[in-house]
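Q: no sequence on this one, just coordinates:
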């Protein structure tokens, strides 16, 4: 008897919790795309399963009370009731169809992008994002892993005519015009990643060696976080980006400021000071350093580069040292030998040559 | 019924091994009851490690940064926790523990078909556990790629244990699969070939059907995992590129152990192979727990399981369909989108026989004579939590809804309810129920009820909120949630609440372990068949059953296993081996 | 159909065979899934690699007397393995008739066939590794995965043949020593025969999918 009451209380707790969560903001994130249909499908499933759960649970509680063992109570001997079972199976089948049919119809929309959608490519790598647009000719240039190097972080084939006008966005911030469908092609340079913006609802894995796709239409202006939704290593949590949805004019202005592939072949052996800093900066973006080392002093997975050069720092074992050129170089090629206090030994090894090392160290120095 | 005279005199039972030394009696025992106990002991120990790892994970999630848990440790913990719980605890205890103990006894056999191989299986299992824990000793520590071990990240720097941890993990899994195959061959062969006279397939208790079908699933699903593991190991050790495409990582083209580049492999192939195993695996865990619950409900409500035939057919249909739903784990993995239609349909179809089973358990309670014993608490608690978990599956199986919820805490909540809470409840109920048979004593009821309510409330306090975290878009396998603008403060508070609840529920599990140990020595002694059950294992002459199970002739079965509350009978149960015209008291029944 | 129902609704045993034979069948079904998974993975990768797949008739050719004879070695190996299945079937037949000597003789012929097969496979491996320079991580003929799949699949198959040879040796030794005559029970020969036929059948599929395609 008591047990039944406690079971019933737990059941009702679930209903209470549902209201509590809606009141308190843990519910779907605010929808900022056209995929409200997914929310509706989820809600429908929630309502139907909620009814089934509460109904069945309370029925069980009733049985526990009504048919509990008493003096001289006896159970009924009924082997089966095929009619009842068939009826229950039929009802369940109808319930399944009610859930599945709309779900599959929405899915059909999900996998069929509109023809006039804006084509953008998102590239995932450990542990940052970059983007590419097809440019004026409307075609993405050919890429191949063999073309990847520090200067060509998008792996574009330099001989391909369609690649020359591809717009390259090396930062992890993507701007989009409002109310225009976007067809996002996805690829990865190294491991599995997944492009996900909670407010847009859709997500899709990025598979190295393969191309995948998703599409959506942003409907509300704002700044939305991009999150990686497929475990990709120890910095999976910090693989963050930003989508800025803005008016058509602002978007065009941002787009005009981006570089195209034909203009990015910077000679990193140039002697001019300006060019070197530019290349050091490029390297640190393409190698992903800035995924863990901030440029503004804020603490991230690794120590911030701002103001570090030439200062005295404490190691995890308590000793102090000067963060001079030698130390910075060592930290790049032998990263886990001298860890600063408050940080973990998780930096991967980078095999850079002297010229590349020089450029990065000079870039770090320039941030003082 | 054909009556071929076979060389082995099956009616006197199998030739069994008679141990002579301490070693052959307790360590290298060929007696299925001892093998079962060894499985129980080992898997529960491994499970304790799994619980401790989960507490480590929750401490980091609830109180990020406070306990100095690095991302390495965190990801290694989730991987080991997942692998231990699914494979080394649940599969081993439900098939190796319950399967080994119950199959010969409930079928009226003296032992398994091949006792020597059975003995080897538990030792190979022990070896696999040893290999698993050795990954803590190799350079780099255990692999931290998640229990799903997806390439390419599992073999690349940036993931903990990418060099040696993964090798130990694969070796351990391979040895486990060998152990499973040896045990599995025994279970299937014994059920098919070594039943007592009168024991047709449709007179077997449901738990035997469930374990039998779960083993069939395992024998057909584990090969895919073995092959995937072998290919992954070869990618790591001999530089092949089965799963490794051309990779440009940290500014360099990635090379294998021999210095050449990986190229041409398909990460998606691994996922297909893994989930071709992975989905049937959850039914390997689910089916035995269904079976245990069927036995508990019928015995403690003194009523036959409602619709036995339909229950068997539902099990067979579930077994068959479980092999064609696997890609619902891959809806957003990048496979051909058209496959989403097929797998969503098959996944929701499998909900129908599963729902029929739930209805039948509930209908068994209807008009029953329900004794709220501790096993009955567990069985009923199982039904509640399984309904929650199963309904959660409806969301995830529907492909479009899954796009939103995939890789979020909704998935984590769902699988912890169906693979965590429900199996634990079924398992503990089973242990309470069969403890008198195994030891001759009962377990402590008070401790049992505390453990039950503690674990049961875990489903509601820990995992229902987790579903809502998922609806809010909180992603899984995240080390912390700092700096995420869309995560409200109340969600962060909920994380703390879940952590505190999970620590309490995790610690409460030790009450169950303590209960087992205490009751073994100090539990109240009881007479034969204390629950007044009808199945054959309770009809042995002693509790625990002696060597060879039945000292004289094997029992002969005359009726199905659920003759409870038969009208006109003198008692509310008639054991399976009582002839049709008599009931337990030896008097003619009115049937 | 009637017999099927009778079998499945009978008590004691479903299949009217020895449990050891039942166990071997069930093990073989499981092993089928292993080789099936290997072959399906091979086909999946072969269909999707970008690089061209090597021409097997070229790679596996033998140089005899100045001419290239494509797939000669493989043809001989296949012939030997299938023949050994034939000798094994005769051995099983003889065992069922309790003819110890004939059964033992044909089992020995089977074992010789098995050893010949494994030796030729080893020769093939040596030729490919040393002469042609094929490695799991690369080769001169085409896609990298060719070498890795070749060594993996033929390696596991060869291992199964080797285990079969050892198994048959133990059984034939016991057979000729009269152990089965004493207990008047020759079933084990049939069980061993099942394993051997399985190994042969797997080879037919490997031959078809890997060498002929």
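A: Structure's in. What do you need? On a predicted model such as this, the values are computed, not experimentally measured, just so you know.

Q: so residue B:314 sits against residue B:359, correct?
A: No. With the criterion set as Cβ atoms under 8 Å, residue B:314 and residue B:359 do not qualify as a contacting pair; they are 9.9 Å apart. In this view, the C-beta of every residue, glycine as well, is placed from N, C-alpha and C.

Q: between the two, who's got more neighbours?
A: Set side by side, residue B:314 and residue B:359 show unequal neighbour counts under other Cβ atoms under 10 Å in any protein chain shown, the larger going to residue B:314 at 23 against 20.

Q: and residue 233, what does it touch?
A: Assuming you mean chain A. For residue A:233, the contacting residues are A:126, A:127, A:191, B:153, B:156, B:158, B:159, by Cβ atoms under 8 Å, 6 or more residues apart in numbering or on different chains.

Q: oops, wrong one, chain B.
A: B:167, B:170, B:171.

Q: SS state for it?
A: Reducing the assignment to helix, strand or coil with DSSP: H, G, I helix; E, B strand; the rest coil, the entry for residue B:233 is helix.

Q: and residue A:238, how far from chain C?
A: 33 Å (Cβ to the nearest Cβ, to the nearest Å).

Q: pull the number of nearby residues for that residue.
A: With neighbours defined by other Cβ under 10 Å, the count for residue A:238 comes to 19.

Q: what of the one 5 residues further on?
A: Look at residue A:243: counted by other Cβ under 10 Å, it has 24 neighbours.

Q: same deal with residue A:214?
A: Using other Cβ under 10 Å as the criterion, residue A:214 is surrounded by 25 other residues.

Q: hmm, which helix or strand of the chain has the shakiest average pLDDT?
A: The chain I'm using is chain A. With mean pLDDT, DSSP states H and E as the measure, the helix or strand of chain A carrying the lowest mean pLDDT is helix A:273-286 (a mean of 60).

Q: switch to chain C, please.
A: For chain C, using mean pLDDT, DSSP H and E, the weakest element among its helices and strands is strand C:62-64, scoring a mean of 72.

Q: one step back: now the helix or strand that the least confident helix or strand of chain A is followed by: mean pLDDT?
A: From helix A:273-286 onward toward the C-terminus, using DSSP states H and E, the following helix or strand is strand A:312-314. Strand A:312-314 comes out with an average pLDDT of 87.

Q: so which elements touch strand A:312-314?
A: Contact here means 3 or more Cβ pairs under 8 Å, 6 or more residues apart in numbering or on different chains; DSSP states H and E; on that basis strand A:312-314 packs against strand A:320-322.

Q: burial count for the closest residue to chain B within chain A?
A: Ranked by Cβ to the nearest Cβ, the top residue of chain A for proximity to chain B is residue A:209, at 2.8 Å. Residues near residue A:209, counting by other Cβ under 10 Å, number 24.

Q: what's the neighbour count on the nearest residue to it once chain neighbours are set aside?
A: The shortest distance from residue A:209 to any non-neighbouring residue, by Cβ to Cβ, 6 or more residues apart in numbering or on different chains, is to residue B:245 (2.8 Å). Counted with other Cβ under 10 Å, the burial measure for residue B:245 works out to 23 neighbours.

Q: and residue A:244, which of the three is it?
A: For residue A:244, the secondary structure call by three-state DSSP comes out as strand.

Q: bridging residues for it?
A: With DSSP bridges as the criterion, the beta-bridge partners of residue A:244 are residue A:175, residue A:223.

Q: contacts only, for it.
A: For residue A:244, the contacting residues are A:173, A:174, A:175, A:176, A:222, A:223, A:224, A:254, taking Cβ under 8 Å, 6+ apart as the criterion.

Q: off-centre distance for stretch B:555-564?
A: Average the C-alpha atoms of stretch B:555-564, do the same for its chain, and the two points are 28 Å apart (Cα atoms, centre = their mean, to the nearest Å).

Q: just the terminal-to-terminal distance for that stretch.
A: The separation between the terminal residues of stretch B:555-564, taken as Cα to Cα, to the nearest Å, is 19 Å.

Q: right, is it up against chain A?
A: Yes. Using Cβ under 8 Å from any Cβ of the partner chain, stretch B:555-564 comes into contact with chain A via residue B:564.

Q: confidence score at the nearest residue to residue A:308 once chain neighbours are set aside?
A: Here the nearest residue to residue A:308 in space, its sequence neighbours aside, is residue A:323; by Cβ to Cβ, 6+ apart that works out to 5.3 Å. The score at residue A:323 is 86. That number is its pLDDT.

Q: do I have it right that residue A:323 meets residue A:314?
A: No. With contacts counted by Cβ under 8 Å, residue A:323 stays clear of residue A:314, the gap being 10.5 Å.
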